[in-house]
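# I'd like to go over a predicted model; first the sequence, then the structure.
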Amino acid sequence: MRERPILFQRWGIQAILEGRKTQTRRIADYRPCLVDDLLWVKSKLFQRKADTTLWLKVTDVRVERLQDITEADVLAEGCISKGDFVQRWDKIYAKLWHPWDRNPFVWVITFKIERVLK
């Protein structure tokens, strides 16, 4: 088990805390984590580990093509529809040369809340 940082936008953190988000996709250019790893959630790029209030435990990791996302996975991503997911994906990744239309390979990381600190 390792402790690793993971960056989420504010809407994603809120969806996690509300129990609507239990999955995330990241570009498959390196292996981001393993099952049982602990992820400390960052809301800012340069946030310190000591300042995190949300810890996640990885329960599953797999690789797939982005467009293979299922409707169940769209909901697990905290989105209300596939269109919502595509829009959020492209807002982050299109400028990094990984738009929805290119259908990149992604890591699918499933997690549960391990602890929330006040």
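Perfect, thanks for sending it.
# what residue lies at the spatial centre of this protein?
In the chain, the C-alpha closest to the average C-alpha coordinate belongs to Thr24, at a distance of 2.6 Å (CA atoms, centre = their mean).
# and that one, bridged to which residues?
Ile109 (DSSP bridges).
# Pop out the phi and psi values for Thr59.
Backbone geometry at Thr59, expressed as degrees, to the nearest 10, gives phi -110, psi -20.
# and Lys49, what is it in contact with?
Glu3, Pro5, Trp40 (CB atoms under 8 Å, 6 or more residues apart in numbering). Any C-beta I mention is one placed from the backbone N, CA and C, and that applies to glycine too.
# The last one: neighbouring residues, count only.
As a burial measure, Trp40 scores 19 neighbours (other CB atoms under 10 Å).
# Just the pLDDT for Lys118.
Note for Lys118: predicted pLDDT of 78.
# Roughly how far does the residue lying closest to Lys42 once chain neighbours are set aside sit from Arg65?
In this structure, Lys42 finds its nearest non-sequential neighbour in Leu7, 4.8 Å apart by CB to CB, 6 or more residues apart in numbering. Leu7 is 23 Å from Arg65, where distance means CB to CB, to the nearest Å.
# again, but for Thr59
From Thr59 to Arg65 the distance is 21 Å (CB to CB).
# And the pLDDT at the closest residue to Phe105 other than its chain neighbours?
Leaving out its chain neighbours, the residue that sits closest to Phe105 by CB to CB, 6+ apart is Ala28, at 4.1 Å. Ala28 is assigned a predicted lDDT (pLDDT) of 95.
# And for Lys44?
At Lys44, pLDDT is 93.
# Regarding this protein, what is its longest helix?
helix 82-93 (DSSP state H).
# Does anything pack onto that helix? Which helices or strands?
Helices and strands touching helix 82-93, by 3 or more CB pairs under 8 Å, 6 or more residues apart in numbering; DSSP states H and E, are helix 71-76.
# how about the helix it packs on: buried residues?
For helix 71-76, burial by neighbour count (16 or more other CB atoms under 10 Å) applies to Asp73, Val74, Leu75, Ala76.
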